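Colleague: Please find the sequence and the predicted model below.
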Amino acid sequence: MTMPGGSRQNVGGAIYVDDSGNPGAKSGSEFLPSSRKSWTAVIVPSSVASAVETGLTIFLDGVREQYGAEELHFTEIWSGTGIWKDISPGDRSEVFRWMGKMVHGFGLPVVHQTVSEITFDDHPDLKRSIVGDRSGDWSLDDIGQFGLLMLTSSVAGHLRKLAADAASDFTLPMPLYVDEGVLPAGLDRPLPNWRDAIEGPTAKFRRSTDVRGLQLADFAAFAITRSQWIISKRSAQPALSPADAVIMEAVGGMNVLNLPWYVGPPEELHSRNYDKWMGDDREAKGLPRHPSGQSAS
């Protein structure tokens, strides 16, 4: 690990990663187990880095001036906690919409990865092979760290394809920034692979106040995970609540590279259909329809 200089960094052509912080949360679906850990990456192409930096700076400066927020944590904005406790739901929804406009407007590529005990149960040989194993400083049998490495591998693969199609938009390798948590802010950890796509290859752990692009990842991670939660908990009904509609709008405009998309009326976004779609996806991958290999109770 290295401790680089502490100067403030601006958003640039890079990969920004955050987790959704949902271990232990119980959902209404067997496909969202409480052991799950999700990571989300937002890729800022080199060709639009300057424009994204300008837009993000203007937006964050405006939010700070109006609400006193030094950084955006969308879990707090959504729930109305912390400095957001006295801010109206309408104003908080507007913060979501403006960040969504930035992510959507630039078409920023997004990659999402969830790992849980189901992942290991589906692949018992993998589970046996990594028990107690390490790759450098990474603990492979830690769901959080293993999930971050899986995300990084997926991001590298997508970056190669993107650069092959549009080399001027994606200058490789790109730096990868991760919100502090696995390591304290300011530390770097070498990655075991992907040198051609990821600078170093190194994961750079930083605060979102220092690396503003991490707030893009916070937004995407929360919105994707919350949308899954909404659908898995929802009964069939003709209209989404205003709050839920804000989340679905945020996710619906994202350029997510590795998740299947459904286009249809709101009344079809409910728990029974979610479980059906997840079961269909597992079968398409050659896995048992239900994570346990048995019918759900």
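Modeller: Noted; the coordinates are in hand.
Colleague: C-alpha only now, for contacts and for neighbours.
Modeller: OK.
Colleague: Which of the residues in stretch 113-121 are classified as buried?
Modeller: Neighbour counts over stretch 113-121 (16 or more other CA atoms under 10 Å) mark 113-120 as buried.
Colleague: Spatially central residue for this protein, please.
Modeller: In the chain, the centroid-proximal residue (CA atoms, centre = their mean) is residue 40; its distance is 2.0 Å.
Colleague: Wasn't that one part of a strand?
Modeller: Yes - the assignment for residue 40 (DSSP: H, G, I helix; E, B strand; the rest coil) places it in a strand.
Colleague: Write down the beta-bridge partners of it, one by one.
Modeller: Using DSSP bridges, the bridge partners assigned to residue 40 are residue 18, residue 112.
Colleague: what about it, distance to residue 261?
Modeller: Distance, residue 40 to residue 261, using CA to CA, to the nearest Å: 16 Å.
Colleague: same check, this time on residue 146
Modeller: Residue 146 sits 25 Å away from residue 261, going by CA to CA.
Colleague: Look at those two and report which has more neighbours.
Modeller: Comparing residue 146 with residue 261 by other CA atoms under 10 Å, the one with more neighbours is residue 146, at 20 against 8.
Colleague: ok, that one touching residue 140?
Modeller: Yes - under the criterion of CA atoms under 8 Å, residue 146 makes contact with residue 140 at 5.1 Å.
Colleague: Does the residue nearest to the centre of the chain touch residue 223 like I think?
Modeller: No - counting by CA under 8 Å, residue 223 is not a contact partner of residue 40; they are 10.2 Å apart.
Colleague: Angles on the backbone of residue 149, please.
Modeller: Here is the backbone geometry of residue 149 (degrees, to the nearest 10): phi -70, psi -40.
Colleague: Any stretches of the stretch 1-150 of the chain with poor pLDDT?
Modeller: In the predicted model, the stretch 1-150 of the chain carries pLDDT under 70 at residues 1-12, 21-27, 126-134.
Colleague: where exactly do the strands run in it?
Modeller: For the stretch 1-150 of the chain, strands defined by DSSP state E, counting those that start in this stretch occupy the ranges 14-19, 37-44, 109-115, 134-135, 138-139.
Colleague: Alpha carbons of the third one, as PDB, please.
Modeller: Right, the one you point to is strand 109-115. Extracted in PDB, the C-alpha atoms of strand 109-115 (Å, rounded to 0.1, in the frame of the first residue of the first chain):
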ATOM      1  CA  PRO A 109     -21.300   3.700 -18.700                       C
ATOM      2  CA  VAL A 110     -22.300   1.900 -15.500                       C
ATOM      3  CA  VAL A 111     -21.300  -1.600 -14.300                       C
ATOM      4  CA  HIS A 112     -23.100  -3.300 -11.300                       C
ATOM      5  CA  GLN A 113     -21.900  -6.400  -9.400                       C
ATOM      6  CA  THR A 114     -23.600  -8.300  -6.600                       C
ATOM      7  CA  VAL A 115     -22.000 -11.200  -4.700                       C
END
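Colleague: Which other helices and strands does it contact?
Modeller: Counting contacts by 3 or more CA pairs under 8 Å, 6 or more residues apart in numbering; DSSP states H and E, strand 109-115 packs against strand 37-44, helix 143-165, strand 255-256.
Colleague: State the distance from the nearest residue to residue 147 once chain neighbours are set aside to residue 20.
Modeller: Once flanking residues are discounted, residue 147 sits nearest to residue 115: 5.4 Å by CA to CA, 6 or more residues apart in numbering. Distance of residue 115 to residue 20, computed by CA to CA: 12 Å.
Colleague: hey, what's in contact with both of those two?
Modeller: Common neighbours of residue 115 and residue 20 (criterion: CA atoms under 8 Å, 6 or more residues apart in numbering): 37-38.
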